[in-house]
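S.K.: Next one to model:
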Amino acid sequence: MPDSSSGDELDPEETDDFDGDDETVSPALAAYNTVTDTVTGVNVRMSDNVFQAIFIFVSAILVAIITAVACLAFPGWQLKWYEGVLIGAFGGVIFGVFASGTILMVYRAFRHLQGKHD
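M.R.: All right, here's what the predicted structure looks like:
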């Protein structure tokens, strides 16, 4: 029987935050995820990165469409519809970065409070 004090294996019975899921995270990865989620660092979770990319893309498309329609609806702005698309797409990207980052920040904070450092 391996010595459990060596830290080589994660024993579910000895940890308070084991939730019974099949996904177990090594203590080193849990520590890395905690630091990168709360202080600074690169997020290497594929699911977070895919979510953020999709959110930014959808935000850019939606805001571009809204501003194109607004440019057609308000001729006093003196903008052509394609100028509205460009301005809206840029604004959508900026909005998407901040909004998706905020959503991930809150989501990961709740996950860490639950003791899940996946």
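S.K.: all helices of this structure, in order?
M.R.: 27-38, 46-73, 81-113 (DSSP state H).
S.K.: Would you mind giving those as TSV with mean neighbour count and mean pLDDT added?
M.R.: To be clear about C-beta, it is placed using only N, CA and C from the backbone, and glycine gets the same treatment. Output for those, formatted as TSV (neighbours: other Cβ atoms under 10 Å; pLDDT from 0 to 100):
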stretch	mean neighbour count	mean pLDDT
helix 27-38	14	78
helix 46-73	16	96
helix 81-113	15	93
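S.K.: So the most centrally placed residue in the chain versus residue 39, what's the distance?
M.R.: Nearest to the mean C-alpha position of the chain, by Cα atoms, centre = their mean, lies residue 104 at 3.8 Å. Separation of residue 104 from residue 39 (Cβ to Cβ, to the nearest Å): 15 Å.
S.K.: Check residue 92 too.
M.R.: Residue 92 is 29 Å from residue 39, where distance means Cβ to Cβ.
S.K.: ok, now residue 114?
M.R.: Taking Cβ to Cβ, one finds residue 114 at 19 Å from residue 39.
S.K.: One more: residue 90?
M.R.: 30 Å.
S.K.: what's the answer for residue 91, then?
M.R.: Distance of residue 91 to residue 39, given as Cβ to Cβ: 30 Å.
S.K.: same question, residue 100
M.R.: For residue 100 relative to residue 39 (Cβ to Cβ), the value is 20 Å.
S.K.: Who's the closest spatial neighbour of residue 60, skipping the chain neighbours?
M.R.: With Cβ to Cβ, 6 or more residues apart in numbering as the criterion, residue 60 has its nearest non-adjacent residue at 3.6 Å, and that residue is residue 92.
S.K.: Would you agree that neighbour is in contact with residue 62?
M.R.: Yes. Contact criterion Cβ atoms under 8 Å: residue 92 and residue 62 qualify, at 6.4 Å.
S.K.: For residue 86, which non-adjacent residue is spatially closest?
M.R.: Nearest to residue 86 is residue 64, by Cβ to Cβ, 6+ apart, at 7.8 Å.
S.K.: Quick one: residues contacting that neighbour.
M.R.: Residues in contact with residue 64, defined by Cβ atoms under 8 Å, 6 or more residues apart in numbering, are 84, 85, 86, 88, 89, 92.
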